[in-house]
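1. coords please:
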Amino acid sequence: MLGRAQKKGLVNFEIIDLREFGEGVHQIVDGRPYGGGPGMLFRADILAKAWKEAASRQPLDTKQKPYTILTSASGTPFKQPKAQELSKLEHLIIICGHYEGVDQRFIDKYIMEEISIGDYVLTGGELPALVITDAVTRLIPGVLKSEEASIDESFTENLLEHPQYTRPEVFEEMRVPEILLSGHHGQIKTWKKEKSIEKTTKIRPDILNK
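-> You can find the predicted model right below:
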């Protein structure tokens, strides 16, 4: 889906290798933390060089500073409303967190938001960056075949999507709910809403409370 969107000219993806801005023969991009502690940190000066290169690639008619996020286990949880918000941007830069973290000076100057895709720790921010990219891209007009596909779905109204069915009408003695075969669109819409609330109450009561 992402490749198709890029071929259609709806979005353009670019990957920047931080090693290209690394220092010395070994293209070093990290350093030990001042004050001690385990692991290594991304250097602010290296990330700044990479950011400036990324920022220079934005569309010429774009006057806004590119919105920049950092994937981080300590960031705010990534939710559907945030994906909708990011999908309206002309230029988005995602910095993939790595090692033990990033020099705070780079975060203070360049990062507008730290985002987490869950309460767990990964080896790097590449997978979260892909998750964010996928969730955002599918919301861009023209990417999906039907606009309704990105509207009537889980989390859009703080509800999980209702159960869905297709052929055959009977599968291992389990029938499709009669209401879905009735042709009464008003009643079907009510049924779908009721099932969404029922499913959300059972699986994700935390979002239902919103």
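2. show me what secondary structure element comes after the helix ranked longest in the chain.
-> Using DSSP state H, we find that the single longest helix of the chain is helix 185-203. Once helix 185-203 ends, the next helix or strand along the chain (criterion: DSSP states H and E) is helix 205-208.
3. helices or strands up against that next one?
-> Here helix 205-208 is seen to pack against helix 185-203 when contacts are counted using 3 or more CB pairs under 8 Å, 6 or more residues apart in numbering; DSSP states H and E. From N, CA and C alone the C-beta is placed, and that goes for glycine too.
4. which helices and strands does the helix it packs on pack with?
-> Checked by 3+ CB pairs under 8 Å, 6+ apart, helix 185-203 has helix 205-208 packed alongside it.
5. off-centre distance for the helix it packs on?
-> Relative to the chain's own centre, helix 205-208 is displaced by 21 Å; criterion: CA atoms, centre = their mean, to the nearest Å.
6. now do the buried residues in that helix.
-> The neighbour-count check on helix 205-208 (16 or more other CB atoms under 10 Å) flags 207-208 as buried.
7. and what of stretch 20-37?
-> The neighbour-count check on stretch 20-37 (16+ other CB under 10 Å) flags 21-22, 29-31 as buried.
8. give me the pLDDT for residue 198.
-> pLDDT recorded at residue 198 is 95.
9. tell me where the longest strand sits in the chain.
-> strand 67-77 (DSSP state E).
10. run the chain-centre distance for the next helix or strand after that one.
-> Counting by DSSP H and E, the element after strand 67-77 in chain order, helix or strand, is helix 80-86. Counting by CA atoms, centre = their mean, helix 80-86 is centred 8 Å from the centre of its parent chain.
11. what mean pLDDT does helix 80-86 have?
-> Mean pLDDT, helix 80-86: 96.
12. using PDB, list the CA coordinates for that helix.
-> Provided in PDB are the C-alpha atoms of helix 80-86 (Å, rounded to 0.1, in the frame of the first residue of the first chain):
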ATOM      1  CA  GLN A  80      -5.500   7.300  15.800                       C
ATOM      2  CA  PRO A  81      -6.200  11.000  16.300                       C
ATOM      3  CA  LYS A  82      -2.500  11.600  16.200                       C
ATOM      4  CA  ALA A  83      -2.200   9.700  12.900                       C
ATOM      5  CA  GLN A  84      -5.000  11.800  11.500                       C
ATOM      6  CA  GLU A  85      -3.200  15.000  12.600                       C
ATOM      7  CA  LEU A  86       0.100  13.900  11.100                       C
END
